[in-house]
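Undergrad: how would this look folded up:
(2 chains)
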Amino acid sequence: MKVLILNCGSSSIKYKLYDDDQQLAEGLLEKIGTAEAQLGHTVAGRKKLVSVHEVLEHHAGIELILQVLVDPEKGVLTSIEDIQAVGHRVVHGAESFSESTLITPEVVAKIEECIDIAPLHNPPNLAGIYAISELLPKVPQVAVFDTAFHQTMPDKAFMYAIPYVFYARNHIRKYGFHGISHYYVSYEAAAMLGRAVDELKLITCHLGNGSSVTAVDHGRSVDTSMGFTPLEGLPMGTRCGDIDPAVPLYIMGKEELNLQQINALLNKHSGVLGISGVSNDFRTLEEESAKGDKRATLALEVFCYRLKKYIGSYIAAMNGADAIVFTGGIGENSDIVREMVVKDMEFLGVELDAETNRTKKRGEAADISKPSSRIKVLVIPTNEELVIARDTRRIAAAN
Amino acid sequence: MEIRKIAVFGAGVMGAGIAQDAAAHGLEVVLVDQTEDGLTHARQSIENSLNLELQRWGITGSEKKVLLSHIKFTLNRSDVGSVDLVIEAIPDDLAAKQELFAQLESQFEQMCPAEVTYVSNTAILPITDIALKMVNKERLVGMHFLAPVPAIKLVEMVRGVHTSQATVDRAKELARRMGKTPVDVLENPGYITARLVVPLINEAIMLYQEGTASKEDIDVAMRLGFGFNKGPFALADQIGLDIVLGWSEHLFRELGETRYRPQALVRNLARRGHLGVKTGKGFYSYETPVDNAEEKI
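TA: Numbering: from 1, shown residues only, chains lettered A, B, ... in the order given. This next block holds a predicted model:
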């Protein structure tokens, strides 16, 4: 079954076309809303093609992507009718969606209701859904939510200790994000360990420009570090992560900052960029740290220390763990970060094989712990689009 | 059709502010002025304002670059191309505005595929009079933005006799797109804001000159006593004393009431070039704007 996967951001659309589990084409359309939108399109086994177009909104962007996919030279499809289902990554499903779902008018209405708590992410996701409804009206569409996997969290994990009325009235609670990735790597980890996911306790660390860590107990998310928004939890590239909530209030008063300014300060100027003053890119931080930049070193240390604390707390929460999984750009590629996080945890039964950690090939899954390690340390490349493709196929076929 | 591209004529404080704020809300903007100096000054003032925002953590360096890339600065009207809406922000001189709109109309009616909406940013003049030399008078509406445009979330929507509802709706769409709340007013002198603020500032000056209270205490009293964001003296400095003077002269002439009469103190300060925040000195003194905050980040 040929399935198109769309991930619509505010000014970009990422897409992948699958035939069952085989990827046929992928691409990224950037700078939507301008006359210089750039499309990078790659067909498996061929050279990447880059072109510039006037693309003023998502509808036109998706129209362009569909044209490219059926183009006799650039494309991989003979007809647009070959697309049998479309899967959308949707960031926020709030408490309405605990699993992927066929998109119906009722589902669209519920995703629209979530705009209030995901004002940046859900509108472009919806724009993609509206566009496909018009361009491919007969094709079933499936929504796969970033929050759905975490809907299994118990209320003691998701409730904030503020007046209950804000949960009841405004739906303020921990939701968690990166659910598709945490779900994927927990199943892959089970496969690597040769066991069923429902007999394992796992801690999955998705470390990228945004980072989150999840406690996966018997295949279910029972706690995760991101919260009501992706700002909570680990420090990230430019986000502050966990912080005393009095700090922003104090800064606002002291510096006379308004809401928009403090919001940008915490989301765009903080994290490892804020500490180091150098970069939000971990590769740059590692290079600068190696050259002796103390604040770059400090930024890495803060990041790794916080993650170590999360791992410790999740081991306590689950009463043990079978494996710690690293994924995402940093988790998959930074042996320095992995080593800083899991070293000196022998007491808990974590023993890193430093050599394997360093020499592991890029892009490949690996067990980087010693054979004697009671808690395994795994590196697993994530593949969120594959999850979306599989869910889309399964749900479209059943309907 | 969605408003995507606008042209702003006049690159003074208001024109530059409107251009900056429109670009910040994702619109393509062409800012046109008659002099190279005017454009250079506008670009500098937009950069200063963005640097200040950068220093206040409100935006990032890359967001500043993106925003600037959405504003085209030009001396040449023919560079504007096709636009959805045109805003005039030249000084409040009726004859000059009438002439400008007549010229703009003849230019854009040929060039633009869809109907163009014309907007005057006048603070005091009647829209009906400004539209005098236009053919499509129903397409002119007043939008009175207040300075500093990016910070003030209000725009007064001013209708003339001929202004159509479609034109008002279109201009309100722009206002909302820019995060502003529009309020409807008729084209009576001073609309809401100037009409109410001029007597307040005048009365504050009289209180001060009588020796009833200091400028600082008058401002504190109005801020804390009545929840004003700024007291009347700080407010006058923010509006610009040349503007306050212009408003009072106009209102005094049109309405004849002494409460609008221009105050000698304002006239004297304005004559010396002490125009308030924008020149660094008015009723109060202000630090000069930061030139390059980016390096500190």
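
Undergrad: Going by C-alpha atoms from here, please, whenever you check contacts or count neighbours.
TA: OK.

Undergrad: Show me what from chain B comes close to chain A.
TA: B:Arg56, B:Trp57, B:Gly58, B:Ile59, B:Thr60, B:Ile297 (Cα under 8 Å from any Cα of the partner chain).

Undergrad: what helix or strand does the residue of chain B found nearest chain A sit in?
TA: For chain B and chain A, the shortest gap (Cα to the nearest Cα) falls at B:Gly58, measuring 3.9 Å. Taking DSSP states H and E as the definition, B:Gly58 sits outside all helices and strands.

Undergrad: I figured it was touching A:Leu259, is that so?
TA: No. With contacts counted by Cα atoms under 8 Å, B:Gly58 stays clear of A:Leu259, the gap being 9.1 Å.

Undergrad: Looking at the two now, which is surrounded by more residues?
TA: Higher neighbour count among B:Gly58 and A:Leu259: B:Gly58, with 23 against 12, using other Cα atoms under 10 Å in any protein chain shown.

Undergrad: quick one: low-confidence ranges for chain B?
TA: Scanning chain B for pLDDT under 70 picks out B:288-297.

Undergrad: For whatever residue of the stretch 101-250 of chain A ends up closest to chain B, the count of nearby residues, please.
TA: Evaluated by Cα to the nearest Cα, the stretch 101-250 of chain A has A:Thr238 as its residue closest to chain B, separated by 10.6 Å. A:Thr238 has 24 neighbouring residues, counting by other Cα under 10 Å.

Undergrad: how far away is A:Thr359 from A:Leu28?
TA: From A:Thr359 across to A:Leu28, the span is 31 Å (Cα to Cα, to the nearest Å).

Undergrad: The two - which one has more neighbours?
TA: Remark: of A:Thr359 and A:Leu28, A:Leu28 carries more neighbours, 19 against 10, as counted by other Cα under 10 Å.

Undergrad: Now do the contacts for that one.
TA: Contact partners of A:Leu28, counting by Cα atoms under 8 Å, 6 or more residues apart in numbering or on different chains, are A:Ser12, A:Ile13, A:Lys14, A:Tyr15, A:Leu39, A:Gly40, A:His41.

Undergrad: again, only this time at 6 Å
TA: A:Ile13, A:Lys14, A:Leu39, A:Gly40 (Cα atoms under 6 Å, 6 or more residues apart in numbering or on different chains).

Undergrad: before we move on, the earlier item: skipping its backbone neighbours, what lies nearest the residue of chain B closest to chain A in space?
TA: Spatially, and ignoring its direct neighbours in sequence, B:Gly58 is nearest to A:Gln261 (3.9 Å; Cα to Cα, 6 or more residues apart in numbering or on different chains).

Undergrad: how close does A:His92 sit to A:Leu386?
TA: 19 Å.

Undergrad: gap between the residue nearest to B:Gly58 and A:Gly274?
TA: For A:Gln261, the distance to A:Gly274 - Cα to Cα - is 15 Å.

Undergrad: ok, these two, which is more surrounded?
TA: Per other Cα under 10 Å, whichever of A:Gln261 and A:Gly274 has more neighbours is A:Gly274, with 23 against 19.

Undergrad: check contacts around the more buried one.
TA: A:Gly274 touches nothing, counting by Cα under 6 Å, 6+ apart.

Undergrad: Quick check: end-to-end length of stretch B:256-271?
TA: Stretch B:256-271 end-to-end distance (Cα to Cα) = 24 Å.

Undergrad: now it, how far from the centre of its chain.
TA: 21 Å (Cα atoms, centre = their mean, to the nearest Å).

Undergrad: How about residues contacting it?
TA: Contacts for stretch B:256-271 (Cα under 6 Å, 6+ apart): B:Pro199, B:Leu241, B:Asp242, B:Ser248, B:Glu249, B:Leu251, B:Phe252.

Undergrad: Now do the same for A:His206: helix, strand or coil?
TA: strand (DSSP: H, G, I helix; E, B strand; the rest coil).

Undergrad: in the sheet, who's paired with it?
TA: Note on A:His206: beta-bridge partners by DSSP bridges are A:Ser212, A:Thr327.

Undergrad: That one - how many residues pack around it?
TA: Neighbours around A:His206, by other Cα under 10 Å: 27.

Undergrad: Could I get the contacting residues of it?
TA: Neighbours of A:His206 in contact, by Cα under 6 Å, 6+ apart: A:Ser212, A:Thr327, A:Gly328.

Undergrad: What separation is there between it and A:Met236?
TA: 11 Å.

Undergrad: out of everything not next to it in sequence, what's closest to A:Leu39?
TA: Among residues not flanking A:Leu39 along the chain, A:Leu29 sits closest, at 4.3 Å (Cα to Cα, 6+ apart).

Undergrad: my read: that neighbour touches A:Ser11, true?
TA: No. The criterion here is Cα atoms under 6 Å, and A:Leu29 misses it with A:Ser11 at 8.4 Å.

Undergrad: out of those two, which sits in the more crowded spot?
TA: Counted by other Cα under 10 Å, A:Leu29 and A:Ser11 do not tie: A:Leu29 has more neighbours, with 27 against 18.

Undergrad: Which stretches in the chain count as strands?
TA: This is for chain A. Assigned by DSSP state E, chain A shows strands spanning A:2-8, A:13-19, A:22-30, A:34-43, A:49-55, A:85-90, A:101-102, A:141-145, A:201-207, A:211-217, A:220-224, A:323-327, A:366-367, A:376-379.

Undergrad: actually chain B
TA: Counting by DSSP E, the strands of chain B are B:5-9, B:28-32, B:71-74, B:85-88, B:117-120, B:140-145, B:154-159, B:181-186.
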